[in-house]
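> Sequence first, predicted model second:
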Number of protein chains: 2
Amino acid sequence: MPQLGATPLAPVARPKTRTSVPSPAHIRSTIAALAAPPEELRAVAAYHKALSDPTRLRLMQRLAEGPATVNELTSHVDLSQPLVSFHLHRLKAAGIVETRRVGREVICTLGRDVLTHFRARERVLLGLAS
Amino acid sequence: MPQLGATPLAPVARPKTRTSVPSPAHIRSTIAALAAPPEELRAVAAYHKALSDPTRLRLMQRLAEGPATVNELTSHVDLSQPLVSFHLHRLKAAGIVETRRVGREVICTLGRDVLTHFRARERVLLGLAS
DNA sequence: GCGTAATATCAACACTGATTTATGTATTAG
DNA sequence: CTAATACATAAATCAGTGTTGATATTACGC
C-alpha cells in the first residue's frame, strides 16, 4: 500500500457528512482500493503486456479458430519458428495459451477463460459501466 | 518495423485440397482476416501497451473516481511529477485520458468510451463469447 | 516587475523487449 | 542406427521503455 503521501494540499476537501449516502463513484473507488493490492495491478499489467504485440494478437486470432501446432502458427504469421516459439512462451506465461505435446508436435490452444476473467477483473478495477 | 524478413527457409507448403467444403473455422478465419488489417491489430496492441504498466493502471484507477489534476495524481501514486507526466502522455497518446488546462492546473479525465470501444473490438477480433 | 506554484521537457541511465542466426533436443520414418 | 521433422534454447543485436534529476515553461499573486 503506497499510500503515505499525506497530501499537504488537501485539495478537494470532502467533508462527507456521514449521514448522507456516499456516491456510487465513491463506493466503487473504495471497493477497488480495498480489493486491488499492488499484486493485482501487476497481474493486470502483465496480462496487457502479453497482448501488447501484433504478432501475439495474430497468433491468438488464429488460435481463436481452434487448436494449432507450432508449425501451423509459424506459417500463418509467416515468421521464423524461433520467434513464434518466443511469443508462444509469452502467451503461455500469461496463461493465455496452453500447450500439450502429441508425438513430435506441440498443440496450442487458446484459454478464453483467462481472457474473460482478466477482462472482468479490469472492468471492476476501473469501474467501467456495463 | 521489422516486417520484411523474407524468410529464406520457405517453411511449410500446405497443399489444401480445394474440392472439399471449407470448414466453419476456415470461414471464420477468412472473415477475421479480411476484417482485421494489420492496422487494426497494431491499434489493439498499442491500446494494450498503454495499459501494460502498474503505474498507469493506478492513475486510471484514480481517474475512474473522477477528474484530477496532475498534482493530485502525483501525490496519489507517490512518484515524481515528471514521471507522472510521462505516463499521462502515454495514456493521452492512446486516447484513454483527456486533459484540459484550467488556470495553471491541468485536469485529467478518463475516457471510458475509448476503453469500452477497444474492449469490444478485441472481443470481436478474438471471437470471445458473451 | 518578482517570486512561486503547476506542468512540461530534456538528457542520461539501466532494463526489458523483439528479432535473428545458429545450435540443441526429442520423436518418428526408413 | 541414421536421417529427417518439430520444436526449444542460446547468444547477440537493436529499439523501446521506465526512471531520475535538472531545467524550462506557463500562469497566478504580490
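That came in fine, so what should we check first? Numbering: from 1, shown residues only, chains lettered A, B, ... in the order given.
> how about A:Leu88, what does it touch?
The contact partners of A:Leu88, taken as Cβ atoms under 8 Å, 6 or more residues apart in numbering or on different chains, are A:Leu59, A:Val70, A:Leu73, A:Val97, A:Thr99, A:Cys108. The C-beta positions use only the backbone N, C-alpha and C, and glycine is treated the same way.
> Give the PyMOL command for selecting the buried subset of the residues you listed.
Selecting only the buried entries of the contacts of A:Leu88 in PyMOL, with 16 or more other Cβ atoms under 10 Å in any protein chain shown as the criterion:
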select buried, chain A and resi 59+70+73+97+108
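> Tell me which of the contacts of A:Leu88 fall in strands.
In this view, the contacts of A:Leu88 that belong to strands under DSSP state E are A:Val97, A:Thr99, A:Cys108.
> picking that back up, can I get the contacts of A:Leu88 in TSV including pLDDT?
Below are the contacts of A:Leu88 laid out as TSV (pLDDT from 0 to 100):
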residue	pLDDT
A:Leu59	97
A:Val70	98
A:Leu73	98
A:Val97	97
A:Thr99	97
A:Cys108	98
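> Nearest to B:Ala50 among the contacts of A:Leu88?
A:Leu59 (20.8 Å; Cβ to Cβ).
> For chain B, see how far away the closest one is.
11 Å (Cβ to the nearest Cβ, to the nearest Å).
> pretty sure that residue contacts A:Phe86?
No - between A:Leu59 and A:Phe86 there is no contact under Cβ atoms under 8 Å: 10.9 Å.
> Settle this for me: A:Glu105 is touching A:Leu73, isn't it.
No - look at A:Glu105 against A:Leu73 with Cβ under 8 Å: they stay out of range, at 11.3 Å.
> quick check, A:Arg123 in a strand?
No - checked against DSSP: H, G, I helix; E, B strand; the rest coil, A:Arg123 lies outside a strand; its state is helix.
> which pair in the contacts of A:Leu88 spans the largest distance?
A:Leu59 and A:Thr99 (12.0 Å).
> ok, back up a step: which of the contacts of A:Leu88 come close to DNA strand C?
The subset of the contacts of A:Leu88 within reach of DNA strand C, by Cβ under 7 Å from any atom of the strand, is empty.
> Flag every residue of chain A that's near DNA strand C.
So chain A meets DNA strand C at A:9, A:49, A:52-53, A:55-56, A:79-80, A:82-83, A:86-87, A:90, A:101, A:103-104 (Cβ under 7 Å from any atom of the strand).
> Could you identify which of those residues has the most neighbours?
In terms of neighbours by other Cβ atoms under 10 Å in any protein chain shown, the residues of chain A next to DNA strand C top out with A:Arg56 at 25 neighbours.
> Starting from DNA strand C, give me the distance back to the residue sitting nearest the centre point of chain A.
The geometric centre of chain A, computed from its C-alpha atoms, lies nearest to A:Tyr47 (Cα atoms, centre = their mean), at 3.0 Å. Applying Cβ to the nearest atom of the strand, to the nearest Å, the value for A:Tyr47 to DNA strand C is 12 Å.
> Now do that residue against B:Asn71, distance only.
With distances taken as Cβ to Cβ, to the nearest Å, A:Tyr47 is found 30 Å from B:Asn71.
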